[in-house]
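K.L.:
okay, structure incoming, though there's no sequence with it:
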């Protein structure tokens, strides 16, 4: 065997190995997709099959039109977009502040931003529930937006700061000599340059909010206020027997935003969480 | 650098909205939770709350359910950490090799991470279903078991199942982070080692692992804090049951809070949780700031 052939062989072998490993990893995910396309009688089989008899969209159609499902979807969209908007605006100013200025309390502020992300959620949930209930905000979208801001905003600030750091200061110095104010610099010079980064951060904020379960479960007191994760999770155990076909169809729908955005976000994931702990 | 020093009030104005928000939605609630933990508030008891000092904390230290839940959470976090690191490293190393469709595999490996926790819980509940689930069927097919296992209603298996789901959910993050770490290792190190006649296993042992130490530590702490706090998956899959078999600390606190409405007592337990997390938190912050 020549060297090139040997290399080809090891490449094929390794690909097969990773294929097997990856398939094992995503088995439950494939099982969800498979079940979601099955007819009701086929779902409950002692000997389950990977492929449905025929691909039926009935579960999707039924869950979409069932009870409050559409409302769950809209609730999730509303809350996620609102959280994204608020976090992004606040994070933009703060990110610029930390990135561009050296001032007293800068380290303290940075540490605070990291530490608040480490708070056990239970320590926040209970007092927040009591405060919301006192203010009459339970069972509103606003209560969820406020709660989601607690994790989305510090995260966005850190990430945006990272993007602003990559934009050379010399660009704004030129503008400042021409008499531009800080705000104008931020909006007219920095923001257009950091636009791809800002879009990425926005997507992260959206997905983090979309995925949230605990606050939504606790704050939504009526069915019409549930988000999609809560709605689907509470569907099992409701109305007698569990209709797994429909629940799996709903789960697929709930996974779609994450799945569509993540191929794009994948390369930023590391940067976002470890905040530049890896030097490239 | 020097020009940046003449800043005056400007930076504080930029940080103001963020600082106010942190104060109002993070610091104030946590502080009020801390204060509440010294009272005896109970939402189903209509009497006014009173200051009771450290009574709740004293009660907690004698509460066997709390201590069990704490122990369970600590042990689980360690078990999850070991498995997620080994499997995550395995995927990271594989994804760094010369393979076909690299980008596709990187995306596929990320799938468990992008599924919302609650939905992951639901999917696994169905996958592990005793009579109709795929897990029992597959294990029977390959001959590991000969009768269906009750993954979620048997006490020992339920704990194992929950831990398995959390490991599954953590693998992608570890894998992708470590992969980035591996790719940041300068390739001349490997070339130099090859020239000296090092085998691939030696390269892995003496170059990859030492170079990854830092990022591995950061990933380990970060994911452990997340996993220690994990409520959503357990709440969906078993709600802490059967009995108390999967009652981790967050689930126990959630029960105290949402089922028996002992808000003060639950707050005290949450404060204890924070205390447990303080040391890993400090290490994490110091590591990050050093970079």
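P.N.:
Cool, the structure landed. Everything numeric in this text was worked out from a predicted model, so none of it was measured. Numbers count the residues shown, from 1 in each chain, chains lettered A, B, ... in the order given.

K.L.:
could you use CA atoms for every contact and neighbour count after this?
P.N.:
OK.

K.L.:
gap between the residue nearest to the spatial centre of chain B and residue A:121?
P.N.:
For chain B, residue B:227 is the residue whose C-alpha lies nearest the centre (C-alpha atoms, centre = their mean; 1.8 Å). Residue B:227 sits 12 Å away from residue A:121, going by C-alpha to C-alpha, to the nearest Å.

K.L.:
and what of residue A:251?
P.N.:
From residue A:251 to residue A:121 the distance is 24 Å (C-alpha to C-alpha).

K.L.:
who's more crowded, these two?
P.N.:
residue A:251 (26 against 22; other C-alpha atoms under 10 Å in any protein chain shown).

K.L.:
so what's that one up against?
P.N.:
A:32, A:232, B:119, B:123 (C-alpha atoms under 8 Å, 6 or more residues apart in numbering or on different chains).

K.L.:
contacts only, for residue B:74.
P.N.:
Neighbours of residue B:74 in contact, by C-alpha under 8 Å, 6+ apart: residue B:228.

K.L.:
how about the host helix or strand of it: buried residues?
P.N.:
Applying DSSP states H and E as the criterion places residue B:74 in helix B:64-96. Buried residues in helix B:64-96, counted by 16 or more other C-alpha atoms under 10 Å in any protein chain shown: B:65-66, B:68-70, B:72-74, B:76-78, B:80-81, B:83-85, B:87-95.

K.L.:
same question for it, mean pLDDT?
P.N.:
Per-residue pLDDT over helix B:64-96 has a mean of 94.

K.L.:
now swap in stretch A:44-61 and tell me
P.N.:
According to the model, stretch A:44-61 has a mean pLDDT of 86.

K.L.:
for chain A, what's its nearest residue on the stretch 101-250 of chain B.
P.N.:
For the stretch 101-250 of chain B, the nearest residue to chain A under the criterion C-alpha to the nearest C-alpha is residue B:116, separated by 4.5 Å.

K.L.:
state the distance from residue B:269 to residue A:130.
P.N.:
For residue B:269 relative to residue A:130 (C-alpha to C-alpha), the value is 16 Å.

K.L.:
rewinding a little: chain center to the helix holding residue B:74, what's the gap?
P.N.:
8 Å (C-alpha atoms, centre = their mean, to the nearest Å).

K.L.:
show me where the stretch 1-150 of chain B has helices.
P.N.:
Assigned by DSSP state H, counting those that start in this stretch, the helices in the stretch 1-150 of chain B fall at B:2-5, B:10-22, B:28-36, B:55-62, B:64-96, B:102-114, B:117-127, B:134-141.

K.L.:
relative to helix B:102-114, how tilted is the helix holding residue B:74?
P.N.:
170 degrees (axes from the mean of the first three to the mean of the last three C-alpha atoms, to 10 degrees).

K.L.:
what angle separates helix B:64-96 from helix B:55-62?
P.N.:
70 degrees.

K.L.:
who are the packing partners of the helix or strand residue B:175 falls within?
P.N.:
Assigned by DSSP H and E, residue B:175 falls within helix B:155-183. Applying 3 or more C-alpha pairs under 8 Å, 6 or more residues apart in numbering or on different chains; DSSP states H and E, one finds that helix B:155-183 makes contact with helix A:244-274, helix B:64-96, helix B:102-114, helix B:117-127, helix B:209-228, helix B:232-237.

K.L.:
with distance to residue A:20 added, can I get those in a markdown table?
P.N.:
Output for the helices and strands packed on helix B:155-183, formatted as a markdown table (distance: least, C-alpha to C-alpha, whole Å):
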| stretch | distance to residue A:20 |
| --- | --- |
| helix A:244-274 | 21 |
| helix B:64-96 | 11 |
| helix B:102-114 | 11 |
| helix B:117-127 | 19 |
| helix B:209-228 | 25 |
| helix B:232-237 | 26 |
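
K.L.:
mean pLDDT for these: which is lowest?
P.N.:
Among these, helix A:244-274 scores lowest, at a mean of 80.

K.L.:
measure how that helix sits relative to helix B:155-183, angle-wise.
P.N.:
Going by the same axes, to 10 degrees, helix A:244-274 makes 40 degrees with helix B:155-183.

K.L.:
chain center to helix A:244-274, what's the gap?
P.N.:
So, by C-alpha atoms, centre = their mean, the centroid of helix A:244-274 is 7 Å from its chain's centroid.

K.L.:
mind showing which ranges of the stretch 151-280 of chain A have poor pLDDT?
P.N.:
Applying pLDDT under 70 to the stretch 151-280 of chain A picks out residues A:237-241, A:267-280.

K.L.:
in it, which spans are strands?
P.N.:
For the stretch 151-280 of chain A, applying DSSP state E, counting those that start in this stretch gives no strands.

K.L.:
how about it: which residue is closest to chain B?
P.N.:
residue A:211 (4.5 Å).

K.L.:
out of the contacts of residue A:251, who's nearest residue B:152?
P.N.:
Nearest to residue B:152 among these is residue B:123, at 13.1 Å by C-alpha to C-alpha.

K.L.:
could I get the phi/psi values of residue B:42?
P.N.:
phi -140, psi 120 (degrees, to the nearest 10).

K.L.:
contacts only, for it.
P.N.:
B:49, B:261, B:262, B:263, B:264.
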